[in-house]
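Colleague: My questions are about this predicted structure, shown below with the sequence.
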Amino acid sequence: MKKILHILLCCSMALLGCKDRTKTPTLNEVAETLEPDVVEDIKIIPISHATAVLEWNDTTIYIDPVGGAAAFEGQKPPDLILITDIHGDHLSVETLEELDTKKAKIVVPQVVADKIPTEFTPQIDVLHNGDTKERYGITVTAIPMYNLREEALAFHAKGRGNGYVLSKNGHRIYFSGDTEDIPEMRALQNIDRAFVCMNLPYTMTVESAADAVLQFKPVQVYPYHYRGRPEVSDVTKFKALVNAGDPNIEVVQLDWYPNEDY
């Protein structure tokens, strides 16, 4: 954590020092200067909604790649692809076919593997909830993701999809996938960066997401996957709830909807 703070403050002083050399920036001010987010040899590039690219040292990771090859123009080809579920905002066979995936390992739940053409079979690692696989020096653990509300149970059944925790050199990153504030998420420990969904009717409310985050206390939390039907979740409210409960948790807002006003 000290290393993270040192890098953040050094970068921010270089960017902000000319404005006010007597003021030490807060972590939130530092986060606002970083787009995409670059700390600890990790570059986080939001693509759209649930889709992201991570460059972790020399390893490039695609999370839920959708949108066709055009959505990844200028990005490095993936070494590792993680897919959480079968819905169209997480799984796009057309995108997999358009991308340069020849060197990639593809980590998926069984239900996703069943929908991917057999040409990809040698590249696929199937993980069930709780399973772990190491690829490129990164340990990938499949975390349950599912709905709790009676009216939402049909969206994401328990055991079908995967959230993921990625671990390397003691740094742990969590992607929630589509879930509510389930016990398995609340029980997470030592998470440095958490990407947490919040959209109705499919996942959970802003209040539930904030309450879960306050339970497992990541160092940083990134609200993502927050466009619902028809509303867009209030990520400003989410930040306020988290910071009111624990001001030490940094809420980092990236642009997950570059073609929209929100």
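Modeller: On my side now, so go ahead. Numbers count the residues shown, from 1 in each chain.
Colleague: got the residue ranges for the helices in the stretch 51-200 of the chain?
Modeller: Using DSSP state H, counting those that start in this stretch, the helices of the stretch 51-200 of the chain run over 93-98, 110-113, 183-186.
Colleague: Which of those helices sits closest to residue 80?
Modeller: helix 93-98 (13.2 Å; C-beta to C-beta). Bear in mind the C-beta positions are built from the backbone N, C-alpha and C, glycine included.
Colleague: if we can go back for a sec, now for the helices of the stretch 51-200 of the chain, which one comes closest to residue 83?
Modeller: Of all the helices of the stretch 51-200 of the chain, helix 110-113 comes closest under C-beta to C-beta, at 5.0 Å.
Colleague: Can you spell out which helices and strands pack onto the closest one?
Modeller: strand 124-126 (3 or more C-beta pairs under 8 Å, 6 or more residues apart in numbering; DSSP states H and E).
Colleague: List of residues touching the strand it packs on?
Modeller: 105, 106, 107, 108, 109, 110, 113, 116, 133, 135 (C-beta atoms under 8 Å, 6 or more residues apart in numbering).
Colleague: Just give the strands next to it in its sheet, each with its orientation.
Modeller: strand 105-108 (parallel) (DSSP bridges).
Colleague: Tell me which of the helices of the stretch 51-200 of the chain sits nearest to residue 255.
Modeller: Closest among the helices of the stretch 51-200 of the chain, using C-beta to C-beta: helix 93-98, at 20.2 Å.
Colleague: What's the mean pLDDT across the closest one?
Modeller: Across helix 93-98, pLDDT averages out at 97.
Colleague: next one: stretch 174-187
Modeller: 96.
Colleague: List the buried residues in that stretch.
Modeller: Applying a neighbour-count criterion of 16 or more other C-beta atoms under 10 Å, one finds 174, 175, 176, 177, 178, 179, 180, 181, 182, 184, 185 buried in stretch 174-187.
Colleague: Same check on stretch 203-220?
Modeller: So for stretch 203-220, counting by 16+ other C-beta under 10 Å, buried means 203-206, 208-214, 216-220.
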